[in-house]
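K.L.:
Build me a model:
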Amino acid sequence: MQYNNVPKPIRATVRALKYARKSGLRLFGAQYPRNCTICGRTGRFFSYGYPLAADTICPGCLSLERHRALAICAAQEPLFEGKDLLHFAPEPSLTPFIRSKGVKSYKTCDLFKADVDLRIDICDIALPDQSFDLVLCLHVLEHVPDDRKAMSELKRILRPGGMAIIMVPLEEGLDETYENPSITSAADRLIHFGQEDHARYYGRDLRDRLRGAGFSLREWVSKEPYVLKHGLKRGERVFLCTRVD
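P.N.:
Sure, this is the predicted structure:
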């Protein structure tokens, strides 16, 4: 009864501290062993991201949920073998994994990174038409100012029947992607879009945007038994986007 007389802001603080104490070990040093599909390590993963999520990052190779999901998808069908591949914003944990999959050629690119093969703006790709069989674009489109232009450019550089593998932060509860050009500061973007350099939060209409750019879609979804075993984000999707001519 005495606790009910405590001012609500203080009660909220106490509840938050209790949760932090109970979940702290689970978040910072997870209790459930996971298996990494990138490096093969089995053990405890650690928390990562904003908001903080448990069992996210592999301490062996630093792979994240999306990387391990892609590896499972690639194990179920030959995505990389024999392909000329262009990888946007290459993740260090993925590059050696992809090189080991029998690609015909592998080029990395980014607009800002120095340690890539090509300096490329995804909204204005300075490459000839039909240059690649496969484009890898994981958690990139949410950063760019004009994602529709980027999607069109991805299609242009793909050969007929080529594929773009795309992943983004996706909220299936949103009918329409949330965008607001007036949100420009890093602090406001963090609040609105979940990261300081994001430009949008995708909803279900991502599929319409991709089809409108000239792709047909298939989706691989993170679900059991893979989520628990490999530390995936439940319901995360790998979009396999094939060029339609």
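K.L.:
Show me the domain layout of the chain.
P.N.:
The record, using automatic domain parsing to delimit domains, assigns the chain the ranges 1-63, 80-243.
K.L.:
any idea how far Arg99 lies from Leu174?
P.N.:
36 Å (C-beta to C-beta, to the nearest Å). In this view, the C-beta of every residue, glycine as well, is placed from N, C-alpha and C.
K.L.:
For the residue nearest to Glu91 when sequence neighbours are not counted, which residues are in contact?
P.N.:
Excluding the flanking residues, the one nearest Glu91 by C-beta to C-beta, 6 or more residues apart in numbering is His67, at 6.3 Å. Contact analysis of His67 by C-beta atoms under 8 Å, 6 or more residues apart in numbering lists Ile38, Glu91, Ser93, Leu94, Phe97, Leu138.
K.L.:
Filter those residues down to just the ones in strands.
P.N.:
Counting by DSSP state E, the contacts of His67 place Leu138 in strands.
K.L.:
Tell me the one among the contacts of His67 nearest to Ala150.
P.N.:
Lowest distance from Ala150 to the contacts of His67 (C-beta to C-beta) belongs to Leu138, with 13.4 Å.
K.L.:
Format the contacts of His67 as JSON lines; extra columns: neighbour count and pLDDT.
P.N.:
Below are these laid out as JSON lines (neighbours: other C-beta atoms under 10 Å; pLDDT from 0 to 100):
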{"residue": "Ile38", "neighbour count": "21", "pLDDT": "96"}
{"residue": "Glu91", "neighbour count": "21", "pLDDT": "91"}
{"residue": "Ser93", "neighbour count": "20", "pLDDT": "88"}
{"residue": "Leu94", "neighbour count": "21", "pLDDT": "94"}
{"residue": "Phe97", "neighbour count": "19", "pLDDT": "95"}
{"residue": "Leu138", "neighbour count": "21", "pLDDT": "97"}
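K.L.:
any idea how far stretch 45-60 is from the chain center?
P.N.:
14 Å (C-alpha atoms, centre = their mean, to the nearest Å).
K.L.:
just the strands in this protein please.
P.N.:
Under DSSP E, the chain gives strands at 33-35, 42-44, 46-48, 53-57, 84-88, 105-110, 118-119, 132-138, 158-167, 178-179, 200-201, 215-221, 237-243.
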